[in-house]
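Asker: sharing a sequence plus its predicted fold:
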Amino acid sequence: MTKVKMSKEELFEQIKNSDGNLKISSVSSVEEGEEVIALAKHLEHDGKIVLLEYCLDKKPLSVSLKTKIPD
């Protein structure tokens, strides 16, 4: 299985194109899901998003992000 590494820019594009609720089901491990959450926290720290809520679902394995773009 090939591990897909997402960049901050790719995650930001997905967030911008979502309605604020983004579910990423392409994660292949808990560690990869945690990396996606860490990227979202970096985007928040950079001031690009406001991270309202996040969840790492184990069955099926996915990451859910609730965000908004700052005014």
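Answerer: Done, it's in. This is a predicted model, so every value here is computed, not measured. Numbering: from 1, shown residues only.
Asker: ranges for the strands of the protein?
Answerer: 21-24, 50-58, 61-68 (DSSP state E).
Asker: out of these, deepest packed?
Answerer: Of all the strands of the chain, strand 61-68 carries the top mean neighbour count, a mean of 18, counting by mean count of other CB atoms under 10 Å. C-beta here means a position set from N, CA and C on the backbone, and glycine is covered the same way.
Asker: what is the mean pLDDT for it?
Answerer: On average, the pLDDT along strand 61-68 is 96.
Asker: just for this structure, where's the confidence low?
Answerer: Scanning the chain for pLDDT under 70 picks out 1-4.
Asker: recalculate using a threshold of 80.
Answerer: Confidence mapping of the chain against pLDDT under 80 gives the ranges 1-5.
Asker: hey, which helix is longest across it?
Answerer: helix 30-45 (DSSP state H).
Asker: so which bits of it are buried?
Answerer: Neighbour-count burial for helix 30-45, with 16 or more other CB atoms under 10 Å as criterion, is recorded at 32-33, 35-37, 39-40, 43-44.
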